[in-house]
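Q: Show me how the following folds:
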Amino acid sequence: MKNLSQAARGHLAMLLFSAVVAGSFSLGSLTANDIDPLALTAIRFLFASVILAVITMATTGVPTSAVRAPWRYLVLGGLFALYFVLMFEGLKTARPVSASSVFTLVPLMAGGIGWLVFRQAMTRRMLIALVIGAFGALWVIFRGDTGALLAFDLGRGEAIYFVGCVSHALFTPMARRLNRGEPAVMFSLGMLVAGFVVLAVVGWSEIRATRWLDLPWLVWVTIAYLGIFASALTTVLLQYATVRLPSAKVLAYTYLTPSWVIMLELIIGHGAPPLLMGGGVALTVVALLMLLKNEE
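A: Numbering: from 1, shown residues only. Next up, the predicted model:
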């Protein structure tokens with residue numbers, strides 16, 4: 001690791017990010033109907049905040065710059081919270097592979113937002129790759145059915161999750177813009193704490209109404225996974241990578257997510273998706289390889 005460039009470290013962080021995120025879709029689809037998305041997201045943010053607080057105190061501490069402009073954490077925490085709430089709301093009806101393909105639309109949206117709002121550069125090859133990846137995602141989302149695509153017959157779960165993905169796409173360039181040199185762990189902690197505060201205010205009635213002691217054991221496994229890996233770890237990885245790579249390249253690794261999800265679904269025993277959908281997954285991998293080619 002010491003001999004790796006900053007960009008290479010960012011790429012490794014996002015490779016791990018894509019694998020961890022994939023587990024959220026499979027576990028989330030199994031438990032989405034057992035707990036309210038607001039309550040689930042709130043407890044995972046609280047859990048992750050405690051973990052990152054311990055890590056922060058043991059490593060970097062709280063630098064002076066971290067307590068300046070606290071509104072930054074509210075903005076980013078709110079965007080991240082909205083994404084996760086809508087993700088689990090969508091997974092009530094959307095299949096994991098289909099939902100993960102919606103997630104692969106994020107790089108194109110993030111690249112567009114990064115260019116329009118922050119003037120972050122985008123090369124011709126990067127744009128072509130993002131379009132190819134988006135086409136592959138749409139192929140999977142509409143199950144390879146051109147009639148459904150032309151009619152824009154989008155499932156309710158996928159539509160809800162798409163709105164959440166817009167929030168995620170905005171989060172990536174915003175995190176790059178609002179970070180003032182704070183360590184990734186510290187910045188992530190501030191964002192998760194702020195996100196929990198937002199969720200506690202907005203979803204207090206849902207949190208109180210949840211019968212926590214009566215939840216199935218699989219829900220608690222999901223909460224533990226989401227809190228430790230899919231919240232604390234992925235937030236740090238995303239923050240780590242966003243200050244080392246352009247926004248579009250950071251989220252290029254989301255194109256691996258459908259492939260990871262398909263593997264997990266096979267392991268769980270849910271079977272493989274229809275063969276026709278494999279073409280769309282293949283296109284997302286092509287897009288990833290194009291985005292990872294050195295632009296320097």
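
Q: Please, where are all the helices along the stretch 101-250 of the chain?
A: Remark: helices assigned in the stretch 101-250 of the chain by DSSP state H, counting those that start in this stretch are 106-118, 124-141, 146-150, 156-178, 184-202, 204-209, 217-225, 234-242, 247-250.

Q: Now do the second one: distance to the chain's middle.
A: To tie it back to what came earlier, the one meant is helix 124-141. Distance of helix 124-141 from its chain centroid, counting by CA atoms, centre = their mean, to the nearest Å, is 18 Å.

Q: I'd like the mean pLDDT over it, please.
A: Averaged across helix 124-141, the pLDDT comes to 79.

Q: and stretch 175-187, C-alpha only, in CSV?
A: Extracted in CSV, the C-alpha atoms of stretch 175-187 (Å, rounded to 0.1, in the frame of the first residue of the first chain):
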residue,chain,number,x,y,z
ALA,A,175,-18.5,15.6,-0.8
ARG,A,176,-15.5,16.5,-2.9
ARG,A,177,-16.5,20.2,-2.8
LEU,A,178,-17.3,20.4,0.9
ASN,A,179,-14.4,18.5,2.3
ARG,A,180,-11.8,20.9,3.7
GLY,A,181,-9.0,18.4,4.3
GLU,A,182,-10.6,16.5,7.2
PRO,A,183,-9.5,12.9,7.5
ALA,A,184,-12.0,10.5,5.8
VAL,A,185,-13.0,8.8,9.1
MET,A,186,-13.7,12.2,10.8
PHE,A,187,-15.6,13.6,7.9
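
Q: now it, how far from the chain's geometric center?
A: 17 Å.

Q: Ser18 is nearest to which of the helices of the stretch 101-250 of the chain?
A: Comparison of these against Ser18 by CB to CB identifies helix 234-242 as nearest, at 9.4 Å. C-beta coordinates here come from the backbone N, C-alpha and C atoms, glycine included.

Q: Just checking the distance from that closest one to the centre of its chain.
A: Its chain's C-alpha centre and that of helix 234-242 lie 10 Å apart, by CA atoms, centre = their mean.

Q: Just the mean pLDDT for it, thanks.
A: 80.

Q: name the helices or strands packed onto that helix?
A: In terms of contacts (3 or more CB pairs under 8 Å, 6 or more residues apart in numbering; DSSP states H and E), helix 234-242 is packed against helix 6-31, helix 37-58, helix 156-178, helix 184-202, helix 247-250.

Q: Name the stretch among those helices that sits most buried.
A: helix 247-250 (a mean of 28; mean count of other CB atoms under 10 Å).
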